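S.K.: Fold the following.
(one chain, ligands or ions: 1)
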Amino acid sequence: MTRVLVTGAAQGLGSEIARRMVALGYEVVVHGRDAARTDVALAAVPGAVAGVTGRLDSLASTRLLADDARGRGPYEVIVHNAALGGDQDRPVLTEDGLERIVQVNVIAPYLLSALLTVPRRMVFIGSDAALSGRPLVDLRPAEPWDGHRTYADSKLLLTMLAFELAARHTDRQINVVHPGWVRTRMGGPRAVLPLSDGADTPVWMATSDEPVARRGGQYVHKRRAEAAPAAAHDARLREALVDSLVAVTGEHLH
Ligand SMILES: NC(=O)c1ccc[n+]([C@@H]2O[C@H](COP(=O)([O-])OP(=O)(O)OC[C@H]3O[C@@H](n4cnc5c(N)ncnc54)[C@H](OP(=O)(O)O)[C@@H]3O)[C@@H](O)[C@H]2O)c1
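M.R.: Purely as a prediction, here's the structure:
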């Protein structure tokens, strides 16, 4: 059986993606930020084989998560789903002195990617907000503060990271999926899509043998590759981003 890791599986899209992958016969490992949230994830995903724990707003805790996850691997698929939305009226610095949205949405997935073996497939849950994001490769939020713009910037940086991984591993299927506007805590009650629609393309990219799902380095929405933000195709900008991520984490990308 093939094993998959889904981050941020205690609610929202992560739970739904994990449930669907259980239904498809995968061995699913769910992630929560602390022991209580991992228990919530395990309860939300009946049939999950294990839970792993770690906060993404702490480099030390993300390292422990990587250790925990490595012990439950190896993985055929990793779904980087967990993220923090832009509802912050001021920058929040983490214990590492990093802005929290940027740390959770970009630095943590980088650190996990650097510390875990690169699987055959990776699905990074991105957002169309990335299309208006600014490639702030020094990982410092722009001033004046705007939480929603910082979220957009973080999703652009995440897309660039995924495209860099895809460029380094052309034999793997490493892609970004924009799920659409989905009714979750982050999407809010007025969002147009139910969870089932939002999870459809991430799960399809994680599991399908259709041509789009077998390629890498794509920005995918509704099971189709769409034009990615220009910065994702810019190898020099991606390199500058990775340089900053190495400086912050001390870890090199495979
Ligand atoms: N919903 C939409 O309309 C929409 C649109 C575009 C893209 N997306 C993307 O879809 C993905 C899933 O979002 P969602 O809508 O399902 O949001 P959500 O319901 O808010 O879920 C976010 C998940 O991330 C986890 N998380 C957040 N901060 C964390 C931290 N510091 N450490 C560990 N885990 C943390 C949360 O854990 P807790 O449950 O413990 O808080 C939760 O499981 C995200 O990447 C988001 O950017 C969503």
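S.K.: Please make it C-alpha for all contacts and neighbour counts, starting now.
M.R.: Fine.
S.K.: Would you mind listing the residues in contact with residue 182?
M.R.: 188, 191-195, 197-198 (Cα atoms under 8 Å, 6 or more residues apart in numbering).
S.K.: let me redo that: residue 137
M.R.: So residue 137 contacts 157, 237-238, 240-241, 244 (Cα under 8 Å, 6+ apart).
S.K.: Of the residues you listed, which belong to helices?
M.R.: 157, 237-238, 240-241, 244 (DSSP state H).
S.K.: Could you identify which of the residues you listed has the most neighbours?
M.R.: Neighbour count (other Cα atoms under 10 Å) singles out residue 157 as the most crowded of the ones in helices among the contacts of residue 137, with 30 neighbours.
S.K.: In three-state terms, label the spatially closest residue to residue 241 that is not a sequence neighbour for me.
M.R.: Nearest in space to residue 241, with sequence neighbours left out and distances taken as Cα to Cα, 6 or more residues apart in numbering, is residue 137 at 4.6 Å. Here residue 137 is coil, with the state taken from DSSP: H, G, I helix; E, B strand; the rest coil.
S.K.: sorry, back to before: would you format the contacts of residue 137 as CSV with pLDDT and distance to the ligand included?
M.R.: Listed next are the contacts of residue 137 as CSV, based on pLDDT from 0 to 100; distance: Cα to the nearest ligand atom, whole Å:
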residue, pLDDT, distance to the ligand
157, 98, 12
237, 98, 22
238, 98, 20
240, 98, 23
241, 98, 19
244, 98, 20
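S.K.: and which of those is nearest residue 129?
M.R.: Set against residue 129, the nearest of those by Cα to Cα is residue 157 (11.2 Å).
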